[in-house]
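> Sequence and predicted structure below; questions after.
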Amino acid sequence: MLAALGVFLLLAAVIAGGVVLLRRGTGDRADRADDAPEDLLAERFARGAIDEQEYRRRLEILEQREHRRRGA
């Protein structure tokens, strides 16, 4: 009886840990939805996901888009 309770508690802890990890992973994306595009671009550059040339090209596109939005 005591062994069954121990197995049940262990299983419950594993499931709870999985739920926490899944929520943490999806919560990270939800938080990023509010970040400015320039901040996300800078983060990708800092991580090395894009090179400087790609960073500058995309940043220029974002700045042009913002300029058009303000002028319109």
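Thanks, I have the structure now.

> immediately after the helix or strand hosting Ala4, which helix or strand?
Using DSSP states H and E, Ala4 sits within helix 2-32. Going down the chain from helix 2-32, the next helix or strand is helix 37-47, by DSSP H and E.

> Specify the angle between that next one and helix 2-32 in degrees.
Angle between the axes of helix 37-47 and helix 2-32 is 120 degrees (criterion: axes from the mean of the first three to the mean of the last three CA atoms, to 10 degrees).

> Would you mark the buried spots in helix 37-47?
Neighbour counts over helix 37-47 (16 or more other CB atoms under 10 Å) mark 41, 45 as buried. All C-beta atoms are positioned from the backbone trio N, CA, C, and that covers glycine.

> Which secondary structure elements does it sit against?
Packed against helix 37-47 by the contact rule (3 or more CB pairs under 8 Å, 6 or more residues apart in numbering; DSSP states H and E) you find helix 52-71.

> Ala16 versus Arg23, what's the distance?
Look at Arg23 and Ala16: by CB to CB, to the nearest Å, they are 11 Å apart.
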